[in-house]
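Chemist: what would the 3D arrangement of this be:
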Amino acid sequence: HLVESGGGLVQAGESLRLSCEASGSIFSGNAMGWFRQAPGQQRKLVASITSRGFTWYVDSVKGRFTISRDDAKNAGYLQMNSLKPEDTVIYYCNFWHGNTGTPVTDYWGQGTQVTVSS
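Modeler: Reported below is the predicted structural model:
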C-alpha cells in the first residue's frame, strides 16, 4: 500500500501539501523520499527524511519545500511553498532501508500531479 495525494492546480507563489500513505511494513524504520518525474525524464529525488528525522533537499527546492513524517500514522508529507511553474510534474513517494540505501519495495504508487500556472 503506497498512495500519494494532495496535488492540484495552483498559481505561481501558492502552496500545496502532498501526503504519502504507506503500509507499516514499508514505512516503519525506513527513510522516505519524494521524487518527481517530468514527461520523458527519469524520476528524480527532491527531498528525503530518515527514520531519525534528518532531511535533505535538492538545491532547486531548498527553502521552499519541507518534508516531514508522522510515524504514528505511517504518513509522510511534502509542504511546498512559493511554487514555480517548473515544479509542474508528477510527484511520487517511496522508501528505502536507511543503512543500505536499498529500496523497500519495487512498487510505485500512481503519484500526484502538481500543476503550477504562471
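
Chemist: tell me which stretches of the protein form helices.
Modeler: Using DSSP state H, the helices of the chain run over residues 24-27.

Chemist: neighbours of Asp106, how many?
Modeler: Asp106 is flanked by 6 other residues according to other Cβ atoms under 10 Å. (Glycine included, C-beta is placed from N, CA and C.)

Chemist: show me what contacts it?
Modeler: If a contact means Cβ atoms under 8 Å, 6 or more residues apart in numbering, then Asp106 has no contacts.

Chemist: going forward can the numbers begin at 36, since that is how I track them
Modeler: Renumbered: residue one is now 36, and that last one reads Asp141.

Chemist: pLDDT score for Gly111?
Modeler: Per-residue confidence (pLDDT) for Gly111: 97.

Chemist: that one: how many residues sit nearby?
Modeler: Using other Cβ under 10 Å, Gly111 is surrounded by 25 other residues.

Chemist: cool, and Gly64?
Modeler: Neighbours around Gly64, by other Cβ under 10 Å: 15.

Chemist: who's the closest residue to Gly41 other than its chain neighbours bridged to?
Modeler: Spatially, and ignoring its direct neighbours in sequence, Gly41 is nearest to Leu53 (4.1 Å; Cβ to Cβ, 6 or more residues apart in numbering). Counting by DSSP bridges, Leu53 forms beta bridges with Leu113.
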